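Undergrad: Got a sequence here, can you build the structure:
(one chain, ligands or ions: 2)
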Amino acid sequence: MPALLDIQNIHKAFGGNVVLQGASLNVMPGEIVGLLGPNGSGKSTLLNVASGFTRADSGEVRFEGQDISRLPAHRIVHHGMARTFQLPSMPSKMSVLEVTLAADTRLHGVWSTLLKPSAVREAEAEALQQANQLLDSLLLTPVKQLAASAISGGQKKLLSIACALMARPKLLMLDEPTAGVHPNLRRDIVQTLQRLRAQGISQLIVEHDMHFVREVCTRCIVLDRGQIVADCKPEELSSHPQVIEAYLGRAAAQ
Ligand code: ADP
Ligand code: MG
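TA: Residues are numbered from 1 along each chain as shown. Ligands and ions are numbered 1, 2, ... in the order given. Predicted coordinates:
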């Protein structure tokens, strides 16, 4: 079976700061892959490279076999990959529902001008239905008319998942979806991600919380100083000396 996402030998430096040093990973259809590693190890940079927000110095990104390494982010979304950011920032004036609707790329500039007015109206009606369904499944219905900037940090994380899902992705990439989220809401996020997997949406999730990783992920990849040091099942993580080293420092692994 071909990989959904295949990242090969990525190198990236910001000035003299070498962040990724030959990182490779793949996500197969149906997987929820956890991407772990200490702060500053290059996890967000790797997601930025995969989703077209950062251009790698070298290496290749393939999605369903197609080379997308040189495509900008807005084109990559149309291939079926959507993502959230570690710190979602929300526009202050738009409501939760409006922000969700605005994430439907079919309604954007050039795309909508290619459609007949009746098709635009149809797409708008579909988008409204989809946005309402997503907000409902992510427990955001009670706040959907509030300003998106006014909801809690955890709700913003859920809203950014709703926005990513508006693109109907095959692969969803999430950057720390449960960081700073209240435990009650964490449970909902876990259930949401499991439900999405059952619906056929594969996932690559940057996450620190080991409980979350054991519960949700089907495979784990550990990044340390820009290199992949482990690729294993969640239950095998604790027996990997490189993982212990990455998290606890060199002394603990000896
Ligand atoms: P992680 O997500 O694993 O905590 P990041 O990928 O965010 O790590 O950052 C890895 C390193 O890359 C850090 O040293 C960070 O300062 C640097 N970095 C990330 N993005 C940029 C950028 N746009 N410009 C300069 N340095 C960056
Ligand atoms: Mg990060």
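Undergrad: what are the ranges of the strands in the stretch 51-200 of the chain?
TA: Assigned by DSSP state E, counting those that start in this stretch, the strands in the stretch 51-200 of the chain fall at 58-63, 66-67, 81-83, 171-175.
Undergrad: Make CSV out of those strands and add distance to ligand 1.
TA: Placement of C-beta: from N, CA and C, glycine included. Putting the strands of the stretch 51-200 of the chain into CSV (distance: least, Cβ to the nearest ligand atom, whole Å) gives the following:
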stretch, distance to ligand 1
strand 58-63, 15
strand 66-67, 23
strand 81-83, 13
strand 171-175, 7
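Undergrad: mind putting those strands in a markdown table, mean pLDDT and mean neighbour count included?
TA: Shown next, in a markdown table, are these (pLDDT from 0 to 100; neighbours: other Cβ atoms under 10 Å):
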| stretch | mean pLDDT | mean neighbour count |
| --- | --- | --- |
| strand 58-63 | 97 | 18 |
| strand 66-67 | 96 | 10 |
| strand 81-83 | 95 | 25 |
| strand 171-175 | 97 | 24 |
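Undergrad: so where is this protein shaky, pLDDT-wise?
TA: For the chain, applying pLDDT under 70 flags the ranges 106-115, 248-254.
Undergrad: ok, now with 90
TA: 1-2, 74-75, 77-78, 86-93, 102-127, 137, 152-154, 178-189, 208-211, 237-254 (pLDDT under 90).
Undergrad: who's in contact with A73?
TA: 51-53 (Cβ atoms under 8 Å, 6 or more residues apart in numbering).
Undergrad: measure it to A103 for me?
TA: 13 Å (Cβ to Cβ, to the nearest Å).
Undergrad: try L204
TA: Distance from L204 to A103, by Cβ to Cβ: 19 Å.
Undergrad: Likewise for D175?
TA: 16 Å.
Undergrad: now do R225
TA: Where A103 is concerned, R225 sits at a distance of 34 Å (Cβ to Cβ).
Undergrad: Also S24?
TA: In terms of Cβ to Cβ, S24 sits 30 Å off from A103.
Undergrad: what does H78 give?
TA: 13 Å.
Undergrad: between the two, who's got more neighbours?
TA: A103 (22 against 12; other Cβ atoms under 10 Å).
Undergrad: The closest residue in space to that one that isn't next to it in sequence - how many residues pack around it?
TA: The spatially closest residue to A103, leaving aside those adjacent along the chain, is C163, at 3.7 Å (Cβ to Cβ, 6 or more residues apart in numbering). A count of neighbours around C163, defined by other Cβ under 10 Å, yields 23.
Undergrad: And for the one 5 residues further on?
TA: The number of residues packed around R168, counting by other Cβ under 10 Å, is 14.
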